[in-house]
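Visitor: with the input below, show me the fold.
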Amino acid sequence: MIYKQKVVAFIPARGGSKGIKDKNIRELGGKPLIAWPIETALSTPEIDRVIVSTDSKEIAKIAQKHGAEVKIRPADLARDNSLVADTIRHLKQELSKQYESEEIAVLLEATSPFRDIKIVTRCLERLVLEELDSIATFSESKISPERLWKITNGTPEPYIKSASPWKPRQSFKTAYKLNAVVYAFRLSKLPDIGPDILFGNFGAEILPNENLIDIDTEQDLMVANAILQSL
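Guide: I've put the predicted structure just below:
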């Protein structure tokens with residue numbers, strides 16, 4: 001709870017994965033990947049409840065073992081093209097059936113295991129104190145969109161037509177990207193349709209790039225394990 005407002009952590013974890021087979025139950029530092037966001041959520045004082053949404057019995061069993069509640073999501077919300085926002089809406093609907101009163105939700109994805117509890121708290125505090133509808137973590141992009149190209153039928157052209165990719169690196173404007181570490185939002189403000197989980201009056205919490213990793217490939221998983229071994 002934060003400032004008398006209940007907080008629920010949502011952790012989406014479907015069984016299918018293209019980049020890494022059985023990604024959410026692969027081991028990182030000797031424990032399943034899904035255990036990392038669960039442990040972070042359970043250790044965050046402001047979070048009252050931790051729910052894993054999954055279509056997998058195996059993930060459900062592991063999630064419960066590590067202390068999370070489990071909500072089984074419908075098959076149509078566990079496809080490759082399913083929206084995370086739709087999964088959140090499903091969970092919101094399930095909570096309303098139980099007459100639950102959580103006002104704030106935190107989305108913690110298993111693919112970003114190295115999140116600091118203090119960052120979760122910081123996002124929640126800003127959400128309330130700045131009267132935001134939603135907030136997400138960002139980090140500086142290593143490549144400016146002004147330097148990108150698109151290629152059509154073998155012919156390249158700048159991705160942004162008005163940009164010059166040939167400028168000195170120091171001349172490019174700083175750009176930021178979502179890093180999937182933390183999303184926090186007011187459940188009552190969640191749009192009824194669409195893919196957005198950053199909406200309304202929203203804010204950005206900027207994080208340094210050090211030790212940030214989004215695990216989508218086998219190489220990412222190897223790098224994450226190497227980082228842990230070096231600590």
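
Visitor: so the nearest residue to residue 43 once chain neighbours are set aside versus residue 191, what's the distance?
Guide: Once flanking residues are discounted, residue 43 sits nearest to residue 117: 5.6 Å by C-beta to C-beta, 6 or more residues apart in numbering. For the C-beta atoms, the positions are set from N, CA and C on the backbone; glycine is no exception. Using C-beta to C-beta, to the nearest Å, one gets 28 Å for the distance from residue 117 to residue 191.

Visitor: so which of these two has more stuff around it?
Guide: Remark: of residue 117 and residue 191, residue 117 carries more neighbours, 16 against 12, as counted by other C-beta atoms under 10 Å.

Visitor: show me the contacts for the more buried one.
Guide: 40, 43-44 (C-beta atoms under 8 Å, 6 or more residues apart in numbering).

Visitor: equivalent analysis for residue 17, please.
Guide: Taking C-beta under 8 Å, 6+ apart as the contact definition, residue 17 lies against 23-24.

Visitor: and the residue nearest the centre of the chain, what does it touch?
Guide: The residue lying closest to the centre of the chain (C-alpha atoms, centre = their mean) is residue 180, at 3.5 Å. Residues in contact with residue 180 (C-beta under 8 Å, 6+ apart) are 109, 111-112, 137, 214.

Visitor: about what we covered before: who wins for neighbours among the contacts of residue 117?
Guide: residue 40 leads the contacts of residue 117 on contacts (other C-beta under 10 Å) with 24 neighbours.

Visitor: do I have it right that that one meets residue 108?
Guide: Yes: in this structure, residue 40 is within contact of residue 108 by C-beta atoms under 8 Å, at 6.3 Å.

Visitor: shared neighbours of the two, anything?
Guide: 115, 120.

Visitor: now stretch 86-97, how far from the centre of its chain.
Guide: 17 Å (C-alpha atoms, centre = their mean, to the nearest Å).

Visitor: what comes up buried for that stretch?
Guide: Within stretch 86-97, the residues scored as buried using 16 or more other C-beta atoms under 10 Å are 86-92, 95.

Visitor: the residues you listed in helices, which ones?
Guide: Judged by DSSP state H, the buried residues of stretch 86-97 include 86-92, 95 as members of helices.

Visitor: what's the closest of these to residue 205?
Guide: Relative to residue 205, the closest of those is residue 88; by C-beta to C-beta it sits at 19.1 Å.

Visitor: excluding covalently adjacent residues, which one is nearest to that closest one?
Guide: Counting by C-beta to C-beta, 6+ apart, the residue nearest residue 88 is residue 10, at 6.0 Å.

Visitor: and what of residue 135?
Guide: Nearest one to residue 135, counting by C-beta to C-beta, 6+ apart, is residue 203 at 4.2 Å.

Visitor: doesn't residue 131 make contact with that neighbour?
Guide: No: using C-beta under 8 Å, residue 203 makes no contact with residue 131, being 9.9 Å away.

Visitor: helices of this protein, residue ranges please.
Guide: 35-43, 57-65, 84-97, 117-129, 218-230.

Visitor: ok so, going back, turn the contacts of residue 180 into TSV, including pLDDT.
Guide: Converted to TSV, the contacts of residue 180 look like this (pLDDT from 0 to 100):
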residue	pLDDT
109	94
111	91
112	92
137	97
214	88
